[in-house]
Every structure is written in structure tokens, then in C-alpha cells.
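# okay, sequence plus prediction incoming.
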Amino acid sequence: MVFKRLVYLCLFTCIPFLASAQNPIIQTVYTADPAPLVYKDTVFLYTGHDEDKSTWFTMKDWRAYSTVDMVNWTDRGSPLSLETFKWANKDAWAGQCTFRNGKFYWYVPVNQANGKGMAIGVAVSTSPTGPFKDALGKPLVHSGNGDIDPTVFIDDDGQAYLYWGNPYLKYVKLNGDMISYSGEVITVPLNKEGFSVRYKDADKRPSAYEEGPWLHKRKDLYYMLYAAGGVPEHLAYSTSKTATGPWTYQDTIMTIIKKGGAFTNHPGLIDYKGKSYFFYHNGALKGGGGFNRSVAVEEFKFNSDGTIPRIENTVAGVEAIQKLNPYQITQAETIAWQEGIETAFDPNSGVYVTDIDAGDYLKVGNVNLKREAKSIELRTSAALEGASIEIRTDSLTGPIIASFVLKSAANQEKWSTQIFKTEKVITGIHDIFFVFKGPNGNLFNFDWWKFN
Ligand code: FUB
């Protein structure tokens with residue numbers, strides 16, 4: 001009885017609260033080491049992927065997501081994995097992808113199958129979401145067993161730099177082909193002036209620099225952001241007038257996350273549609289922790305002198321900067337928040353939503369219902385007898401736009417489009433909740449939806 005009461009209490013208090021959260025931004029899998037890339041009018045977010053219930057950095061593939069409004073993130077699947085690199089056998093750790101001359105170059109650290117430790121590979125594609133191929137068939141860089149966490153940066157004069165490393169920080173100047181470099185591997189002096197001192201174990205390393213470098217340029221100033229330590233890590237930055245230093249330590253950006261943090265952290269920074277965004281990871285998702293991390297984002301403004309302010313980690317996250325048009329197809333895997341569902345991939349439909357149980361839901365944020373919607377069209381497959389959807393506005397218990405039972409699918413494999421009438425005229429800007437109901441089991445697979 002007490003247990004039941006607790007469950008009901010949680011249903012009506014915790015879930016509506018969670019449903020208004022925006023951080024962590026991905027809830028279908030554990031993601032780590034965010035690397036955002038602005039390409040045309042879209043933010044592509046490349047992440048690592050912590051396997052469920054990991055007790056180490058057990059990572060086998062990388063994930064990609066995209067957004068145009070900073071709130072609804074579309075799952076673009078897993079365009080790169082350890083299998084892409086025949087010479088690698090484990091540790092798909094923190095990478096970064098960039099664009100040059102019509103191609104996307106994704107730099108990632110992996111452990112070599114020959115037992116020689118971590119090295120940095122580069123994968124290439126003509127699309128931001130792949131498929132990516134190993135550009136070299138061998139590592140691009142192998143200089144020591146701390147060859148992890150590459151960050152790539154192309155300067156205004158066209159010179160590209162690749163920085164990386166833990167416990168050292170090294171760089172090379174990439175050639176214009178982005179898959180080779182010229183000159184020596186340079187080791188950056190990790191001194192107090194450049195990278196401050198550690199808050200603990202100061203005798204073990206020369207400075208606070210730990211790992212996860214991220215190189216950014218704004219106006220004429222170069223910013224080196226990084227995870228700083230000891231452990232647990234915080235995020236800090238140094239600046240320089242050149243891309244190669246000397247670096248001057250500036251400050252902490254994000255302190256150690258005490259509640260819901262992971263013992264690592266990892267920065268990413270972009271300017272997008274006139275705003276600045278800071279990406280990091282935490283352990284705040286259900287079941288999360290040091291080896292089950294999740295990517296989050298905060299908006300911030302540079303100070304007038306160009307310094308970066310202290311940024312708080314929040315549950316609320318960022319505001320939408322664009323309205324979602326519901327009268328065109330929206331992929332079901334475009335999600336502001338969800339609980340209980342997963343995504344999968346098939347060659348016919350691409351990424352789709354699956355593992356939908358009764359009680360699960362999916363939220364799409366900042367939807368512009370600018371005219372009356374007469375019906376909703378959905379593409380689904382494998383619907384169980386009695387699987388139904390309620391489409392509500394603004395909360396899990398908000399006004400219902402439509403509620404209907406899906407036609408059950410005899411042919412489990414086949415995707416079909418179904419149209420259902422709406423029940424209530426609701427206009428204006430709203431968050432839309434797809435609340436799933438029905439018998440026990442995977443209720444159906446969900447490819448896309450659209451209001452008519
Ligand atoms: O994700 C594996 C490792 O943890 C990364 O390479 C580091 O930056 C830390 O986040």
C-alpha cells in the first residue's frame with residue numbers, strides 16, 4: 001500500500017517535473033564527451049556512448065544528433081563505431097568532427113588491436129551523419145599512450161590544428177587534406193601560468209590540465225577549454241593570442257558538479273544563431289554516474305572583456321530558439337524529453353522510436369500550432385492490439401488534442417501510415433506530449449508524425 005502510494009506520488013509529482021527538464025539533452029542512451037558542430041543552419045552533436053551498466057569507460061561506438069532549435073534533438077544514429085577502424089579493438093572515446101571542402105572529418109581516439117595503446121584515427125564522410133569511413137586504415141597520430149581526446153580547429157588563414165592528450169597536451173598542424181600533418185608533434189608546456197595548479201595531487205602532475213581540450217576562436221582570441229583536476233574534474237580555460245600559445249590561465253568555467261555529476265567532465269563550445277552554448281556531461285540521467293554519463297547544454301554570454309563567465313549546470317537547460325512546424329513531417333526521434341523509449345535503425349526508415357511501453361511518453365517542445373489541426377498522420381509498425389496514443393499539450397496531464405487506438409499490424413515488419421481525427425482545437429505555441437498506452441509489451445514502432 002505504502003509502495004503504491006509512493007508510485008502514485010511519483011507519477012503526479014516527479015514525472016511532470018522531469019517532463020519540464022531539458023538536461024540531459026539525450027535520454028535514450030548514455031552519451032558522453034559532447035562535440036557540437038555548426039553546419040549551415042543546423043547544430044550537429046557528436047558524442048561518445050557509454051554502454052548501459054558500465055563499470056569502466058566501456059564505449060564501442062559514437063552517436064550523432066542534430067537540432068535547429070536547441071531543444072528538440074533528432075537522433076541521427078550511430079554513424080561511426082570501433083568496427084570502422086580495423087586496427088582498433090576498444091575504447092571509442094572522446095572525438096570531434098569538423099567540415100572542410102565538402103567533407104566531414106571525425107577525429108577519434110581508440111585503443112589499438114596491436115597492444116600499442118591509444119591512438120587517434122580519422123574518419124571521413126560527405127555527410128555530417130555518415131556513413132563514415134576510416135580515411136587512412138591506420139592511426140593518424142600515435143605519440144604515446146595518452147593520445148586521447150582530439151580537438152580540431154581550422155583557423156581563419158586555413159591552417160588546421162589538432163590538439164589532444166592526457167596527461168600531456170600536444171598538437172600538430174594538419175595539412176589541407178585534413179588526414180595528414182606536417183612538422184613535429186609539439187608538446188605544450190603545462191605550467192602554472194598557462195594551466196594553473198591542481199586542487200589535489202599537485203605532486204602527480206605539473207598543472208590543473210587533465211584532458212578533453214576544446215580549441216575555439218572568438219574575435220582575435222584563442223580559447224583552450226579543458227577538463228581540469230584532480231578528479232572529480234571541473235572545466236577551466238586558458239587563452240592565447242595565437243593558436244599555438246603561449247597560454248595564459250583564465251578561470252574555472254564550470255565547477256565540480258556535486259549533485260548528479262560524473263567524476264569526468266568534457267567541454268564543447270559553439271556560437272549559433274547569435275547565441276553561445278556550452279556543452280558538458282554529467283551523470284544525472286536515471287541510472288547514471290561516472291561511467292553512465294549524459295550530455296547537457298547551457299546558454300551563456302561572453303563577458304564584455306572576452307572572458308567566459310562561470311556557468312552553472314542546470315536541469316532546466318536552454319530555451320528553444322525556433323518554433324517547430326507540426327504541419328510537416330517530424331521524425332519521431334526528434335525529442336525534447338522522453339521517458340522509457342529507445343531508438344533503433346533500419347535501412348527503410350532510418351532511425352525510429354521503439355521499445356514503447358504503456359506509460360512511456362515523448363515530448364516535442366515549442367510546437368507552433370498556428371492553425372487548427374484536423375487530423376494527425378503517423379507512420380508506425382508492429383502495433384500491438386490495443387496500443388493507443390494520447391496527444392496532450394503542455395504536460396502529461398494537459399488538454400488532449402487527439403487520442404486514438406492504432407490499427408494493430410498483422411505484418412510486424414511493415415510500416416504503414418494511419419490518420420486520426422483531432423478532438424479539440426488547440427492553437428498557439430505548446431509543448432506536445434505523446435503519451436503511450438495499451439497492453440504489456442513493445443506497443444509499436446514509431447517513425448514520424450504530422451498534423452494536417
Ligand atoms: O569518455 C572516455 C574518456 O572520459 C574521455 O576520453 C575523457 O575525456 C573522459 O571524458
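Thanks, I have it.
# now the phi/psi pair for residue 116, please.
phi -90, psi 10 (degrees, to the nearest 10).
# mean confidence for the helix or strand harbouring residue 62?
Secondary structure assignment for residue 62, by DSSP states H and E: strand 59-67. Taken as a whole, strand 59-67 has an average pLDDT of 98.
# what of stretch 247-257?
98.
# hmm, that stretch in reach of the ligand?
No: applying C-beta under 6 Å from any ligand atom, one finds stretch 247-257 separated from the ligand by no less than 13.0 Å. Every C-beta, even on glycine, is put in place using the N, C-alpha and C of the backbone.
# wait, residue 387 touches residue 409, no?
No: applying C-beta atoms under 8 Å, one finds residue 387 not in contact with residue 409, separated by 9.3 Å.
# which residues do those two both contact?
Residues touching both residue 387 and residue 409 (C-beta atoms under 8 Å, 6 or more residues apart in numbering) are residue 444.
# of these two, who's got more company?
residue 387 (23 against 20; other C-beta atoms under 10 Å).
# relative to residue 416, how far out is residue 383?
According to C-beta to C-beta, to the nearest Å, residue 383 and residue 416 sit 9 Å apart.
# mind checking which of these two has more residues around it?
More crowded of residue 383 and residue 416, by other C-beta under 10 Å: residue 383, with 24 against 14.
# torsion angles phi and psi at that one?
Per degrees, to the nearest 10, the backbone of residue 383 is at phi -70, psi 130.
# list the contacts of it.
406-409, 443-444.
# what residues are up against residue 36?
So residue 36 contacts 43-46, 268-270, 277, 279 (C-beta under 8 Å, 6+ apart).
# which one of the residues you listed is nearest residue 100?
residue 44 (14.5 Å; C-beta to C-beta).
# for the closest one, give the beta-bridge partners.
Here residue 44 shows beta-bridge partners residue 37, residue 66, assigned using DSSP bridges.
# didn't it look like it was pressed against residue 125?
No: applying C-beta under 8 Å, one finds residue 44 not in contact with residue 125, separated by 11.4 Å.
# give me the more crowded residue out of the two.
Taking other C-beta under 10 Å, residue 44 and residue 125 do not tie; residue 44 has more neighbours (21 against 18).
# OK, contacts around that one?
Residue 44 neighbours (C-beta under 8 Å, 6+ apart): 36-38, 64-66, 76, 97, 128-129.
# check residue 97 too.
Contacts of residue 97 (C-beta under 8 Å, 6+ apart): 35, 37, 44, 46, 104-107, 128, 152.
# show me the residues you listed that map onto strands.
Judged by DSSP state E, these include 35, 37, 44, 46, 104-107, 152 as members of strands.
# closest to the ligand out of these?
residue 35 (10.7 Å; C-beta to the nearest ligand atom).
# how about the residues of this structure near the ligand?
32-33, 48, 57, 93-94, 148-149, 211-212, 264, 266.
# could you dump these into a markdown table and include secondary structure and neighbour count?
A markdown table is the format used below for those (DSSP: H, G, I helix; E, B strand; the rest coil; neighbours: other C-beta atoms under 10 Å):
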| residue | secondary structure | neighbour count |
| --- | --- | --- |
| 32 | strand | 26 |
| 33 | strand | 34 |
| 48 | strand | 27 |
| 57 | coil | 20 |
| 93 | coil | 24 |
| 94 | coil | 32 |
| 148 | coil | 24 |
| 149 | coil | 29 |
| 211 | strand | 24 |
| 212 | strand | 27 |
| 264 | coil | 23 |
| 266 | coil | 28 |
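# can you list those residues in CSV and add distance to residue 179?
What follows is the residues of the chain next to the ligand, written out as CSV (distance: C-beta to C-beta, whole Å):
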residue, distance to residue 179
32, 25
33, 22
48, 22
57, 26
93, 20
94, 19
148, 19
149, 19
211, 24
212, 23
264, 28
266, 24
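# of the residues you listed, which is the nearest to residue 232?
Once C-beta to C-beta is applied, the member of the residues of the chain next to the ligand that ends up nearest residue 232 is residue 264, at 7.7 Å.
# isn't the closest one right up against residue 227?
Yes: here residue 264 reaches residue 227: they are 6.4 Å apart, a contact under C-beta under 8 Å.
# give me the common contacts of the two.
Joint contacts of residue 264 and residue 227 (C-beta under 8 Å, 6+ apart) are 211-212, 233.
# re earlier: any idea which of the contacts of residue 383 is least confident?
Out of the contacts of residue 383, that is residue 409, at 79.
# mind listing the helices for this structure?
Ranges of helices within the chain are 2-12, 14-19, 192-195, based on DSSP state H.
# go through the ones you listed and find the least confident stretch.
What stands lowest among those, in mean pLDDT terms, is helix 2-12, with a mean of 38.
# so residue 84 sits against residue 132, correct?
Yes: contact criterion C-beta under 8 Å: residue 84 and residue 132 qualify, at 6.2 Å.
# identify each buried residue in the strand holding residue 62, please.
59, 61-67 (16 or more other C-beta atoms under 10 Å).
# got the contact list for it?
25-26, 29, 31-32, 42-51, 73-82, 90-93, 95, 106, 108, 128-130.
# just put the contacts of residue 44 in JSON lines and tack on distance to residue 180.
Below are the contacts of residue 44 laid out as JSON lines (distance: C-beta to C-beta, whole Å):
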{"residue": "36", "distance to residue 180": "26"}
{"residue": "37", "distance to residue 180": "21"}
{"residue": "38", "distance to residue 180": "26"}
{"residue": "64", "distance to residue 180": "25"}
{"residue": "65", "distance to residue 180": "30"}
{"residue": "66", "distance to residue 180": "29"}
{"residue": "76", "distance to residue 180": "28"}
{"residue": "97", "distance to residue 180": "18"}
{"residue": "128", "distance to residue 180": "22"}
{"residue": "129", "distance to residue 180": "25"}
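# list the contacts of the residue in the stretch 301-450 of the chain that the ligand sits nearest to.
Ranked by C-beta to the nearest ligand atom, the top residue of the stretch 301-450 of the chain for proximity to the ligand is residue 313, at 15.2 Å. Contacts for residue 313 (C-beta under 8 Å, 6+ apart) come out as 23, 254, 257, 260-261, 280, 282, 296, 298.
# residue 56 now?
residue 291.
# how close does it sit to residue 125?
29 Å.
# for residue 287, same thing?
Counting by C-beta to C-beta, the gap from residue 287 to residue 125 is 32 Å.
# on that earlier part again, drop anything exposed from the ones in strands among the contacts of residue 97.
35, 37, 44, 46, 104-107, 152.
# mind putting those into TSV with distance to residue 190 and pLDDT?
Formatted as TSV, those follow (distance: C-beta to C-beta, whole Å; pLDDT from 0 to 100):
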residue	distance to residue 190	pLDDT
35	23	99
37	27	98
44	31	98
46	27	98
104	31	98
105	27	99
106	27	99
107	21	99
152	20	98
